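K.L.:
here is my input; please provide its structure:
(chains A, B, C and D)
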Amino acid sequence: MSELETFRIQTRAWLEENCPPDMRDGAVSEATQCWGGRNWTFTSEGQKLWLERMAAKGWTVPTWPEDYGGAGLTKDEAEILQDEMTAIGARKPHDNFGITMLGPALLKFGTQEQKLEHLPPIARGELRWCQGYSEPGAGSDLASLRTKAEDKGDHYIVNGQKIWTSYADQADWIFCLVRTDFEAAKHKGISFVLFDMATKGVTTKPIKLISGSSPFCETFFDDVRVEKVNLVHEENKGWDVAKYLLTHERGMIGEVFGNMTGGRSLGEIAAHEIGVDDAGRVEEPLLRAKLVQAEIDSLAFSTLLQSVSERAEAGESLGAVSSVLKYYGTELNKRRHELLMEIGGSDELEWSDENDNGQRSKDWLRTKGNSIEGGTSEVQLQIIAKHILQMPGA
Amino acid sequence: MSELETFRIQTRAWLEENCPPDMRDGAVSEATQCWGGRNWTFTSEGQKLWLERMAAKGWTVPTWPEDYGGAGLTKDEAEILQDEMTAIGARKPHDNFGITMLGPALLKFGTQEQKLEHLPPIARGELRWCQGYSEPGAGSDLASLRTKAEDKGDHYIVNGQKIWTSYADQADWIFCLVRTDFEAAKHKGISFVLFDMATKGVTTKPIKLISGSSPFCETFFDDVRVEKVNLVHEENKGWDVAKYLLTHERGMIGEVFGNMTGGRSLGEIAAHEIGVDDAGRVEEPLLRAKLVQAEIDSLAFSTLLQSVSERAEAGESLGAVSSVLKYYGTELNKRRHELLMEIGGSDELEWSDENDNGQRSKDWLRTKGNSIEGGTSEVQLQIIAKHILQMPGA
Amino acid sequence: MSMMLNEDQEMLREAAAGFLNENAPVSAFRELRDSNSIGGFSRDLWSEMAQMGWAGILVPEEFGGSEFGMVGAGLIAEEMGKHLTASPFLATSVLAATAFSKFGSEAQKEHHLPKISAGETLYALAVDEGAKHAPAKTALKAERSGNGFKLSGAKTFVANGHVADHIIVAARTSGEAGDENGITLFLVEAETAGLKRSASKMVDSSSFARLQFEDVEVNADAVIGEVDAGYEPLDTILNAGRACLAAEMTGCADQSFNMTVAYINERKQFGVPVGSFQALQHRAAHLHTEIELAKAVTLAALQSLDTEEESAWRLTALAKTKVGQVALLAAQEGVQMHGGMGMTDAFDIGLYLKRVRVAGELFGDESWHANRIADALSF
Amino acid sequence: MSMMLNEDQEMLREAAAGFLNENAPVSAFRELRDSNSIGGFSRDLWSEMAQMGWAGILVPEEFGGSEFGMVGAGLIAEEMGKHLTASPFLATSVLAATAFSKFGSEAQKEHHLPKISAGETLYALAVDEGAKHAPAKTALKAERSGNGFKLSGAKTFVANGHVADHIIVAARTSGEAGDENGITLFLVEAETAGLKRSASKMVDSSSFARLQFEDVEVNADAVIGEVDAGYEPLDTILNAGRACLAAEMTGCADQSFNMTVAYINERKQFGVPVGSFQALQHRAAHLHTEIELAKAVTLAALQSLDTEEESAWRLTALAKTKVGQVALLAAQEGVQMHGGMGMTDAFDIGLYLKRVRVAGELFGDESWHANRIADALSF
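P.N.:
Numbering: from 1, shown residues only, chains lettered A, B, ... in the order given. Below you'll find the predicted structure:
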């Protein structure tokens, strides 16, 4: 038996023994997710146990080195772990921006001390992170940011304001872009720093969205002291870190949308909800035509995702390809949700429906933000024109 | 009986008596049209007679003043004439750019002498005109033209090259934009002049199009002498004349496409050629969906055309609205012709079909030029952004 | 059929714009929304509108109306679309007024039309029973019973259904769901025994009702028009509503577009106004073109209904389809061009997106009407 | 199923690109076109391709083929698409080779497959009888007669049909037009009595044939596969062709896009390169994205055919649909972005537009395949 086969059998047995029953419902929504952190209240004993047991194995971040709270698994092993978790419907033990965003950045740019300090608490779900990039009036134009960090020897004093900070009101720490040199050209003079949200001078204010929820905040910094030991990478080179993470994030978002097409197809939903004619076709022929095009594009997009992920696994550097995925994935997803609304008709227009609390219309509205956050569709197109097509002045 | 009623009855009787039988087939294509001019060979005795008789009445250009070869009809009378001609399927007696383009320009900007010299031969179909605007490398950018007219006292010497000159190889005279001041800003320093294509130094070379036909030429000027008496409007103010004509042309093109939607609908053609299912719907459901959208947009466009034409008749100055019509009409028409190709399938892909000589595919290819000539779709959008929406820097 | 407004109509438009700017800005809509008022509109505002002649805009003068016709009604609906005005205008002054004035008995006219003009009494039209519009699929049963009928079944997506004093109900008196024949229109008093109503808050903060009929008894004189022959009258009533919904969506499209262009012309990014980016300029110019089409088809539909042309139903379907598409595009582009701000509840653009979805769905969405046109054109 | 090329495949692609750049540039296609050659391709060039192993790319090695599989065939088709290469590759090396190697008797394989590999003999597949692709509607009649069959009817849109030595014909041996059962594949020699062929020049200057069968007699051993059960084999053969057409169109899309971007980056208007206008940049970036999708679906289809996955037919239909749309968009945008030059025969972009229309129509257009996918997914 190969080592991988052995690993699979052991993993299956461990999961079978250790995954609490209520953590096996396959739930993946933001609402059921464990976010961890200082302020977290576990929704059940099972959720708490599950996080503790997985963290002890290093399986909350299975590919990270053991020194930093991971299990040092190979890609193949990590895939087997994922497969086996999916097989029993196991939830993720927890998730936050520390895992998906800061972790990769620290692994690439952090000092040994920074990794040892920050990565293990992330792995154990003890600290929840948020991201401080966007500023009011800057939007997609990250390079023009104005939050100021003054050099005070061993620390900085930070003043300014961020916007679109996801769950800033619930986060423990923030990774944040600040300007350390006001003379430098726009992309230069920016630094990447980490600090505790409980530091004096940090306040947050939730932003209500058109979907009714408030996942984002405005975040204000008023003479906030940040130790220099929490500067990641060199001073004035924060842009490198941010760019690396943006590329990472865009690719991730593409995959997220790719996965959404894996569930019930729009056609299936429409056939079920609207009904079919004698030929077995959705009774509204022109709606059906739009559904067909969306399904065609979704199937095509999933082949592209597969191709990109194979190339990435083979070690190819993808660069601006993440913009291709982000652009197409988010625009396609908006189209799919428009069609879900059309399928659902008046039933799904209800905002607080007794059955599902108007979830479909809230999801529909939420998708509008996908093509804005993490770089608008227009910014992605510009990146493609510039970096892939190398068009003049792009 | 009202005067208009009397006019209608008299017109009907005159047409009945004077329109030759072979001029009553309702033909409107470029191929059957009488273009007139010095080199014209009438395709039948009827075609010759029809032109002579209509010209004698001033009805080739019914609304022009009688002094200039017209009949001085009011708009209402001209509409009645048109109605009655349509009723018996009468062809236009002749057509050329003298009627549709130069005429309106001379009526607005010409001197009395110029009107008397040039308009009557146009009305009688004795001289065929072409338009010399575009230049190689200038395309939509008329203001950057380089054909040079040097001032020699009572005349200019013209040197340069034009492109996209419609039927220049068959035309007798040209109305032409030339640069008379090289120091001036781009739109200034341009003049609008007229000259005989038989003048020494004028040569033409047809351009073969993707549709196989050659309606356009490259036209070369090598020390061509142009009398100053043939300068229209003031020197260096040719741009005013050209702009007036462009607006006129764009509106006209919009109407032309509007009329095209008046014939057999795409749906009707598809039902006939492809067949329908038990529910009476075109058998290819996804093609049908595209046809429906094109018909919807065509019907909508025709209501807009009607609205614009009523506003124009009421004396409203339309300005950049002609760009709205040109943009939408030509893009819609391209879409309609793509669909006609899809309806026709392999039969209509034949280039020289015994029945209709591959006309549908040639028409399809020809429509691609509609959104380029007379200002590209991109230029129209820019005009709308600038003049209607007044967006910054547009 | 003219494609231009006459002087009276121009004046009406100006008056409507002026009144709504003053008395019903979008901020008023927000207040209403946040107050969670179950009625979903202001009764005081409606009284004022009635005094201006809006409530009776389709009602003949002899019954106290201003008899302005569909073009007039559409102008008001368009202005309301721009301001997101919540009012019983559609249900009472368009649908019910059309029902009574075109198909009502003399007694019904005399009783109801003056009440409509006065803005005193509220009406609703109950048609759909499923999530997608399908009047021919009416299944709610009306059986003969004594001197009248007994109604049993359910209705959904009924505008103002929870606050109306009287409800016009499409019911099946013969045939089967799917047949156009066998549908009859009944006027049911809201307080009749056996009728249960529940209000649903929609995504655009409007309120629609679900109705349950359990052996609801009505007299024979509750019939509007003829028994079993209610489909065509119903379609005529619906067409008046559809044309006004198209007008309302035209207003939404126009307003969201203007807001968006103003926003991007003002807002700076990378040191210059966002509106100076050519890619956005071309999209804005395209959108302007589509909105011009929307305005033209809307006016064509309204005019054709006024002159009762044969093509009126088709122009109405065209307007519901085309304007539905354009208004959705305008709102979608509006949100996107507002960037992050477009996602926040603090900006108005999202309100238009929500409103357009609901108005687009009501009485047949773009796909349904487009298909209807194609079927009628035999392809 | 892998979505990456292996080393052999990468080498094949490079070899194909190199060979076609040298021996079959677009100028060669123009010469061929202007010579009005009725064959529509160069026999010499085809011999050279055969020597390189392209003619037998799908033929097993035991019959002299290079056995490169569908991915290999697709790579060659894609490069041919970029160069607009005219050749009998599709009809002979894809369709006929698939027919014989997958469904031929041993005798048929031994006789025909070596001829295919050698590039000596030309084949054609005759399926359609009307203007739109519809294999199930096969009506051409094959009646039993003596030891064999007698064929009567007509075929149209037959690639290489006028120059082929042998023609594979889908005929009806039972049932009615529209039935999938009752179709049989026959191999007919081109010179058989009663078979009339006429060549039609198409919009893209390719030649297709119309065939007339009048009591054309064939022996029983002319049947490929089984009598009455030809529909599924036919679909398998067609799928090989469809996937290669998708690959060819991917090549067309890629090439027209690259030509266009190069053109607008170079050409100046208003004093700056046209390619510096942001509105065009965003359209180009969108097009790039669509072409990436086209490449991915094409490779997915080819790979799935090689590994004979259950989903192979669906991925093939997906490729024919999606690539058909993308290639048409790329050519349309290409013509428009070339401005006036795009309309002239002197520039190559128009040639791609024409080619894509024909390749898109052959063996089912985008609407047909998309509908087929939806039907299979039960909606």
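
K.L.:
tell me the contacts of the closest residue to residue A:265 other than its chain neighbours?
P.N.:
The spatial neighbour of residue A:265 that comes closest, neighbours along the chain excluded (CB to CB, 6 or more residues apart in numbering or on different chains), is residue A:295 at 5.8 Å. No exception for glycine: its C-beta is placed from N, CA and C like everyone else's. Listed by CB atoms under 8 Å, 6 or more residues apart in numbering or on different chains, the contact set of residue A:295 reads A:265-267, D:373-374, D:377.

K.L.:
for residue D:377, see how far away residue A:295 is.
P.N.:
Going from residue A:295 to residue D:377 by CB to CB, to the nearest Å gives 7 Å.

K.L.:
if we can go back for a sec, let me have the contacts of residue A:295 in JSON lines, extended by neighbour count.
P.N.:
Written out in JSON lines, the entries for the contacts of residue A:295 read as follows (neighbours: other CB atoms under 10 Å in any protein chain shown):
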{"residue": "A:265", "neighbour count": "20"}
{"residue": "A:266", "neighbour count": "26"}
{"residue": "A:267", "neighbour count": "22"}
{"residue": "D:373", "neighbour count": "21"}
{"residue": "D:374", "neighbour count": "26"}
{"residue": "D:377", "neighbour count": "17"}
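
K.L.:
how about the residues you listed, which pair is most distant?
P.N.:
With distance counted by CB to CB, no two of these lie farther apart than A:266 and D:373, which are 12.6 Å apart.

K.L.:
can you list the strands that the worst-scoring helix or strand of chain C on mean pLDDT pairs with?
P.N.:
Of all the helices and strands that make up chain C, the one with the lowest confidence by mean pLDDT, DSSP states H and E is strand C:268-269; it has a mean of 86. For strand C:268-269, sheet partners with direction are given as strand C:272-273 (antiparallel), following DSSP bridges.

K.L.:
any idea which helix or strand comes after the partner strand?
P.N.:
Remark: after strand C:272-273, the chain's next helix or strand is helix C:278-306, criterion DSSP states H and E.

K.L.:
now that next one against helix D:278-306, angle please.
P.N.:
Put simply, helix C:278-306 runs at 90 degrees to helix D:278-306, going by axes from the mean of the first three to the mean of the last three CA atoms, to 10 degrees.

K.L.:
and helix C:278-306 with chain B, contact?
P.N.:
Yes: between helix C:278-306 and chain B, judged by CB under 8 Å from any CB of the partner chain, the touching residues are C:278, C:281-282, C:284-286, C:288-289, C:292-297, C:299-300.

K.L.:
try stretch C:335-346
P.N.:
No: applying CB under 8 Å from any CB, one finds stretch C:335-346 separated from chain B by no less than 11.7 Å.

K.L.:
tell me which parts of the stretch 51-200 of chain C are close to chain A?
P.N.:
Counting by CB under 8 Å from any CB, the residues of the stretch 51-200 of chain C near chain A are C:128, C:130-133, C:156-157, C:200.

K.L.:
in a markdown table, list those residues along with secondary structure, neighbour count and pLDDT.
P.N.:
Compiled in a markdown table, these are given as follows (DSSP: H, G, I helix; E, B strand; the rest coil; neighbours: other CB atoms under 10 Å in any protein chain shown; pLDDT from 0 to 100):
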| residue | secondary structure | neighbour count | pLDDT |
| --- | --- | --- | --- |
| C:128 | coil | 23 | 98 |
| C:130 | coil | 18 | 96 |
| C:131 | coil | 18 | 96 |
| C:132 | coil | 24 | 97 |
| C:133 | coil | 20 | 98 |
| C:156 | strand | 20 | 98 |
| C:157 | strand | 27 | 97 |
| C:200 | strand | 23 | 90 |
